[in-house]
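> The following comprises the amino acid sequence and a computationally predicted model.
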Amino acid sequence: MKRRYRSPRTAPLIVVLITTVAAVTLALCVVTFLRSYRAAAEQSARTSSAQAVNQVVGTVSNYVENLDETVSGIMVQMNTPEEERDAYLNAWLTARSEVVAVTTYDENGVLQDCWCLGHTPREEIVQNLSFDLSTAQSHGEGYISAPHVESIFEGYYPWVVTVVRPMESGDTVHWVAVDVRFSGLGASINGVGIGQHGYCYLMDAQGNMVYHPQQQLLYAGIKSEEAARLAGLKDGTYVEDTVIYSIQDVPDSSWRVVGVSYIDETVNQSFWQMARITMGTAAMILVAALLVGWIISRMLSRPLQQLENAMEQFEQDADEFNFQPVAGTREVQELSDSFGHMVRRIQRLMTTVREEENELRKTELKALQAQINPHFLYNTLDSIAWMCERGKNADAVKMVHALAKLFRISISRGHELIPIEKELQHAESYLLIQKFRYKNQFTYHFTVDESCLHCLCNKITLQPIIENSITHGLDLLVEPGHIEIEVCSEGEDVLFKVRDDGIGMAPEQVAELLQHEPSDRTGIGIKNVNDRLQIYFGPQYGLSIESMPDEGTTVTIRMPRVPEDREGDYDKAR
């Protein structure tokens with residue numbers, strides 16, 4: 001037989017569907033959000049880097065502007081009388097502590113004059129880092145040197161930047177150089193960071209390094225910059241691999257500010273932090289969706305599961321099933337009401353069918369009781385005639401009286417239940433007739449609890465059992481047998497026990513005796529006795545047989561103790 005495919009249950013299906021939809025939706029949202037966030041973070045990093053560079057450009061531009069103003073003021077004083085000029089410059093150096101020295105050079109680059117508070121130039125200057133003749137000649141309008149150490153003084157080496165401007169005095173062209181401390185500007189550049197490790201530096205238009213916050217690392221070769229390559233790029237922000245470069249010219253100078261920041265710091269770190277937050281939030285939402293799906297599935301599936309369980313219980317035991325309405329959604333309540341209505345109708349139909357079957361069975365049993373086996377009647381009458389012919393009139397009279405009592409009790413005015421006393425008389429009449437017929441091949445004895453005599457039992461209960469003992473147990477014996485009939489009480493029940501010492505039966509014969517109706521001479525078999533008892537009193541009552549081959553058989557009949565005044569209860573109830 002092909003096995004029927006079983007569809008999945010509602011609860012797991014709902015949970016899986018809700019969780020799957022939530023997971024797919026969350027995954028799409030997370031991917032879209034993270035991609036947008038990364039693009040926004042990268043753009044923010046570019047903007048932040050550009051803003052930092054712009055801040056440095058503003059600082060450097062102000063610095064350069066101040067230098068120009070300073071040099072312009074000094075150049076004006078160069079054309080004044082010497083005493084006035086010296087007084088002005090000394091006063092000016094005192095007021096402007098950031099200015100280290102003011103020097104002048106002739107057309108050959110030879111130092112002419114020097115103004116510096118507390119310091120005088122060396123007599124022999126090995127290398128003057130503040131002035132280079134070739135550079136001055138190539139820059140007609142002057143130039144600003146790279147930051148350097150002041151080298152024209154003995155024991156005084158401040159970090160300066162020199163502004164060189166040409167000055168015309170008659171036919172002689174000479175230069176004025178102003179050394180200004182660079183530490184303030186360097187501190188300003190160092191103070192502008194981009195991320196944790198990002199920085200800004202200065203270079204000229206040719207890519208020569210003007211100032212770098214990690215100058216010593218550059219000189220030591222530990223660090224390098226691509227200043228020459230970046231010098232060829234226009235102002236703007238460039239993303240290359242893991243580095244963001246922002247480049248901007250300083251107005252009115254040949255300097256350019258370069259901002260260096262790292263994507264790992266400005267973008268990736270923020271991106272992965274946001275990714276962790278997003279994943280955690282998505283996981284919480286997924287768990288919440290799973291929980292909501294489980295709750296919804298429980299709300300929907302629990303009533304359906306209760307209905308399914310109720311149907312299984314009804315299928316297993318329809319008689320004793322008591323349906324409790326299932327609460328739930330409107331559809332579930334309608335299913336519950338319909339199922340409850342169906343259960344009640346089926347139980348009513350089952351009760352009706354059972355009652356009809358019982359009535360039919362009782363009618364059949366009464367028909368069996370009403371039938372007198374012609375063979376038994378013929379043999380009994382033939383035995384009576386034989387006794388009369390041989391002059392055994394007394395025995396014939398006893399046999400006739402026993403047969404009459406047997407039939408009278410069998411009729412019992414149409415009642416199914418008769419007192420146990422009459423049932424015993426019926427059994428004794430049958431035994432008397434059979435004893436005459438079998439020429440005293442067996443004996444019998446009654447042991448009766450008198451408290452049971454006035455209780456009711458099904459009529460013709462003992463006779464089929466006794467007949468079975470005689471025909472199947474004692475008839476095959478060589479020696480006379482014995483039948484013991486006992487009536488006793490056990491709690492609220494009455495027991496009939498019929499024992500014989502006949503040939504006995506095997507277990508399979510016992511089972512066959514209770515399962516199938518054998519052909520017997522009275523027309524009422526042992527199975528019919530058992531069926532009648534269960535029809536009237538219930539399945540807990542009936543016959544039990546104990547038998548061993550060559551040892552005999554004991555048949556126990558159990559029935560409830562029914563007083564005579566309750567006969568109508570059982571006739572109406574059944």
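Thanks, I have the structure now.

> just the helices in the stretch 251-400 of the chain please.
Per DSSP state H, counting those that start in this stretch, the stretch 251-400 of the chain carries helices over the ranges 263, 269-316, 330-370, 374-389, 393-411.

> ditto for the stretch 101-250 of the chain
So, for the stretch 101-250 of the chain - with DSSP H, counting those that start in this stretch - the helices run 133-138, 183-190, 215-220, 227-230.

> buried residues in the second one?
Translated: helix 183-190. For helix 183-190, burial by neighbour count (16 or more other CB atoms under 10 Å) applies to Leu185, Gly186, Ser188, Ile189. All C-beta spots, glycine's among them, are computed from the backbone N, C-alpha and C.

> hang on, the earlier thing: just say which of the helices of the stretch 251-400 of the chain is most tucked in.
For these, the largest average neighbour count (mean count of other CB atoms under 10 Å) is found in helix 263, namely a mean of 20.

> What mean pLDDT does that one get?
Throughout helix 263, pLDDT has a mean value of 75.

> What lies in contact with it?
Helix 263 has contacts (CB atoms under 8 Å, 6 or more residues apart in numbering) with Glu42, Ala45, Val239, Thr242, Val243, Ile244.

> sorry, back to before: now for the buried residues of helix 183-190: which two are most distant?
Using CB to CB, the buried residues of helix 183-190 span at most 7.2 Å, a distance reached by Gly186 and Ser188.

> Spatially nearest residue to Asn90 (excluding sequence neighbours)?
Among residues not flanking Asn90 along the chain, Trp115 sits closest, at 6.8 Å (CB to CB, 6 or more residues apart in numbering).

> Quick check, Gly140 in contact with Val164.
No - counting by CB atoms under 8 Å, Gly140 does not reach Val164; the two are 11.3 Å apart.

> Now do the strands in the stretch 451-574 of the chain.
456-458, 481-490, 493-500, 542-548, 552-560 (DSSP state E, counting those that start in this stretch).

> and those, which is most packed in?
strand 456-458 (a mean of 25).

> from the middle of its chain, how far away would that one be?
64 Å (CA atoms, centre = their mean, to the nearest Å).

> Tell me the helices and strands packed up against it.
Helices and strands touching strand 456-458, by 3 or more CB pairs under 8 Å, 6 or more residues apart in numbering; DSSP states H and E, are strand 417-419, helix 420-437, helix 526-537.

> which of the ones you listed has the lowest average pLDDT?
With a mean of 83, helix 526-537 has the lowest mean pLDDT of the helices and strands packed on strand 456-458.

> Kindly calculate the angle that it makes with strand 542-548.
150 degrees (axes from the mean of the first three to the mean of the last three CA atoms, to 10 degrees).

> got the angle between helix 526-537 and helix 330-370?
130 degrees.

> Could you check how far helix 526-537 is from the centre of its chain?
Computed by CA atoms, centre = their mean, the chain-centroid distance of helix 526-537 equals 56 Å.

> which of the residues in that helix are buried?
Neighbour-count burial for helix 526-537, counted by 16+ other CB under 10 Å, picks out Ile526, Lys527, Asn528, Val529, Asn530, Asp531, Arg532, Leu533, Ile535, Tyr536, Phe537.
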